[in-house]
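Participant: Show me how the following folds:
(one chain, ligands or ions: 1)
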Amino acid sequence: MDNKPSIAIIGAGYVGLVSSVCFAELGFKVICVDKDQNKIKKLQDGHPAIYEPDLAPLLQDNLVKEHLRFSGVLSEAVLKSDVIFIAVGTPIKDDTAADTSEVEAVTKEIAPLLKCYKVIVVKSTVPVGTCVKLSKIILNLNHHAQFDMVSNPEFLRAGSGIQDFMTPDRIILGVETTRADEIMSNLYRYFINKKIPIVRTTLESAELIKYIANSFLAMKVAFVNEISSLCEKLNTDLNDVLRGISLDHRIGRDYLQPGPGFGGSCLNKDALTLTHMAKMVNVPITIIEAVLASNIKHKKRIIEKIVDACCGSVANKRLAILGIAFKANTDDIRESPALYLISELLSQGALLNLYDPVVKKVAFNLNVYWGQDVYDTLTESDVVIIMTEWDEFRHLDLKKVKSILRNTAIEPTLIDLRNLYSPQAVIAEGIRYYSIGKLTEKIA
Ligand SMILES: NC(=O)c1ccc[n+]([C@@H]2O[C@H](COP(=O)([O-])OP(=O)(O)OC[C@H]3O[C@@H](n4cnc5c(N)ncnc54)[C@H](O)[C@@H]3O)[C@@H](O)[C@H]2O)c1
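Facilitator: From the prediction side, this is the model:
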């Protein structure tokens, strides 16, 4: 094996695809495999199956350079590679913890193919003990398998995946043999040269780090959301409070942005899995249990805010919702707070117009109107709700918004759940303004 290992990445989702493209960009030969043949066909034609900034040109460039290939055949990729990354999904099962069945299924497929030494790297987020369990699965199926198992959890975020992968704060390597460590060091040489910290640990510690990191981030979001509600009740301004606390360098400002509740495929799942793992060993992490409960409560409070803005009922009122993705710059709608909001408002009899720059109506089977653009979405609406912080929602023509919104049972109203606007600017246009934790009553 030369010092540039060849790579197979199993799973062409947000993590697998971004990792494949980035490793290819760093000059490695990468074969990315997925069981979804439609996805593979599109990828072979240069079309990413997900929306991620900068992904498409890098993908196309690396296909042309022949650094990157896509395949539906796992065996071919495994046999031709030195390092095999597992990057398949670990969704929540039975509302309790991550389901590792996809990771296990891939491991069972790999096991009989390990005829010469390979490094198996688990990039999927998996509960503590999974890597050891996967090693046992392999050895049960193939007594002669030559391999080392490595845990290398991924921290990229949907919406900034390429940038996060190429400029990580740190790389976690759960690696327990010198041979695997050398190969992983060659794989991450570019980052080592850039002085990105590499944290080498046991397999179990690496697995746990990912859960602790995401649970901590979830805690920060839940914290700021609860504080926002307190600010509203105490007639104080969240912005002032945040500025007042964040200048303390021990606190800082990162991840203290209020919103409609945390969502996405990771925070809720990982916090839930952490609480489950902790209960299993009789060390309940009550603070993270409270974070999960707080997020549910916050999403309910958001519905109350909307009902309140609609004079006590949303029944038969038409609301325009801007943004379905769980955050800007992604088409990922998994656990998006918008989904909860939409189903709750529909169940209360609201009529909905929806718009998102990249999430299109094919994603739902709902009886709603999908706007062509922002202003078309406002047509016939009483109220507009900003759910996602897409750039195009930051610069609305407020005069146009006022002229399109109806002024019947409710005065034209903007409910800004990402705090994108200054209350003064909106109110000056004759639009009622609701936000998260900002002082609006005093201004009006
Ligand atoms: N999405 C994120 O932002 C993010 C960030 C960090 C970590 N993670 C973790 O990374 C893992 C993957 O997440 P994701 O969002 O990329 O998932 P995803 O659902 O977007 O992609 C998973 C892919 O794996 C494929 N797959 C499943 N079984 C397969 C098999 N047997 N053979 C080949 N392909 C198979 C699926 O078809 C799918 O394309 C999860 O554990 C997740 O928690 C996700």
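Participant: how far away is the residue of the stretch 1-150 of the chain found nearest the ligand from Glu102?
Facilitator: Closest residue of the stretch 1-150 of the chain to the ligand, CB to the nearest ligand atom: Gly13 (1.8 Å). All C-beta spots, glycine's among them, are computed from the backbone N, C-alpha and C. According to CB to CB, to the nearest Å, Gly13 and Glu102 sit 10 Å apart.
Participant: Please say which of those two ends up with more neighbours.
Facilitator: Gly13 (20 against 17; other CB atoms under 10 Å).
Participant: Give me the neighbour count for the closest residue to the more buried one other than its chain neighbours.
Facilitator: Closest residue to Gly13 apart from its sequence neighbours, by CB to CB, 6 or more residues apart in numbering: Gly89 at 6.4 Å. Neighbourhood size, Gly89 [other CB under 10 Å]: 20.
Participant: Next up, the contacts around Gly89.
Facilitator: 11, 13, 102, 124 (CB atoms under 8 Å, 6 or more residues apart in numbering).
Participant: ok so it is a helix residue?
Facilitator: No - the assignment for Gly89 (DSSP: H, G, I helix; E, B strand; the rest coil) gives coil, which keeps it out of a helix.
Participant: backbone phi and psi for it, please?
Facilitator: Main-chain torsions, Gly89, degrees, to the nearest 10: phi -70, psi 150.
Participant: same question, Arg200
Facilitator: Torsion angles, degrees, to the nearest 10, at Arg200: phi -100, psi 130.
Participant: quick one: secondary structure of the spatially closest residue to it that is not a sequence neighbour?
Facilitator: Nearest non-adjacent residue to Arg200, counting by CB to CB, 6+ apart: Leu173, 5.1 Å away. Counting by three-state DSSP, the backbone at Leu173 sits in strand.
Participant: so Leu173 touches Ile196, yeah?
Facilitator: No - contact criterion CB atoms under 8 Å: Leu173 and Ile196 do not qualify, at 11.7 Å.
Participant: who has more neighbours, these two?
Facilitator: Leu173 (23 against 15).
Participant: Who are the contact partners of that one?
Facilitator: 150-152, 181, 184, 188, 198-201, 206.
Participant: Compile the contacts of Gly89 into TSV and extend it with columns for pLDDT and secondary structure.
Facilitator: Formatted as TSV, those follow (pLDDT from 0 to 100; DSSP: H, G, I helix; E, B strand; the rest coil):
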residue	pLDDT	secondary structure
Gly11	98	coil
Gly13	97	coil
Glu102	98	helix
Ser124	98	coil
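Participant: pLDDT below threshold where in the stretch 51-200 of the chain?
Facilitator: Across the stretch 51-200 of the chain, not a single residue meets the criterion (pLDDT under 70).
Participant: count of neighbours near the residue of the stretch 201-350 of the chain found nearest the ligand?
Facilitator: Per CB to the nearest ligand atom, Ser265 is where the stretch 201-350 of the chain lies closest to the ligand, at 4.7 Å. Other residues near Ser265 come to 23 when the count uses other CB under 10 Å.
Participant: Quick check: it touching Ser336?
Facilitator: No - judged on CB under 8 Å, Ser265 makes no contact with Ser336 at a distance of 9.7 Å.
Participant: The stretch 101-250 of the chain against the ligand: which residues are in contact?
Facilitator: Taking CB under 6 Å from any ligand atom as the criterion, the stretch 101-250 of the chain approaches the ligand at residues 102, 105-106, 124-125, 154, 156-158.
Participant: where exactly do the helices run in the stretch 301-444 of the chain?
Facilitator: In the stretch 301-444 of the chain, the helices defined using DSSP state H, counting those that start in this stretch lie at 337-347, 374-378, 398-404, 423-428.
Participant: Could you export those as JSON lines, including mean neighbour count and distance to Glu25?
Facilitator: Output for the helices of the stretch 301-444 of the chain, formatted as JSON lines (neighbours: other CB atoms under 10 Å; distance: least, CB to CB, whole Å):
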{"stretch": "helix 337-347", "mean neighbour count": "19", "distance to Glu25": "32"}
{"stretch": "helix 374-378", "mean neighbour count": "20", "distance to Glu25": "34"}
{"stretch": "helix 398-404", "mean neighbour count": "16", "distance to Glu25": "41"}
{"stretch": "helix 423-428", "mean neighbour count": "16", "distance to Glu25": "42"}
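Participant: Return the residues of the stretch 251-400 of the chain in contact with the ligand.
Facilitator: Near the ligand, when you scan the stretch 251-400 of the chain using CB under 6 Å from any ligand atom, you find 265-266.
Participant: Strands along the stretch 251-400 of the chain, start to end?
Facilitator: 318-322, 351-355, 369-370, 383-386 (DSSP state E, counting those that start in this stretch).
Participant: Need the residues that contact the third one.
Facilitator: Pointing back at strand 369-370 there. 351-355, 360-361, 377.
Participant: Just name the closest of these to the ligand, please.
Facilitator: Lys360 (17.6 Å).
Participant: Tell me which residue is most central in the chain.
Facilitator: Gly264 (4.2 Å; CA atoms, centre = their mean).
Participant: Ala158 is in contact with that one, correct?
Facilitator: Yes - using CB under 8 Å, Gly264 and Ala158 qualify as a contacting pair, with a distance of 6.6 Å.
Participant: For these two, list the residues in contact with both.
Facilitator: Shared contacts of Gly264 and Ala158, counting by CB under 8 Å, 6+ apart, come down to 326-327, 332.
Participant: Where neighbours are concerned, which of those has the most?
Facilitator: Neighbour-wise, the shared contacts of Gly264 and Ala158 (other CB under 10 Å) top out at Phe326, 29 neighbours.
Participant: That one: what's it in contact with?
Facilitator: Residues near Phe326 by CB under 8 Å, 6+ apart: 158, 263-264, 332-338, 388.
Participant: Can you pull the phi/psi pair for it?
Facilitator: According to degrees, to the nearest 10, Phe326 has phi -70, psi -20.
Participant: swap in Ala97?
Facilitator: Dihedral angles for Ala97 - degrees, to the nearest 10 - are phi -150, psi 170.
Participant: distance of the closest residue to it other than its chain neighbours from Lys327?
Facilitator: Spatially, and ignoring its direct neighbours in sequence, Ala97 is nearest to His276 (3.8 Å; CB to CB, 6+ apart). His276 sits 25 Å away from Lys327, taking CB to CB as the criterion.
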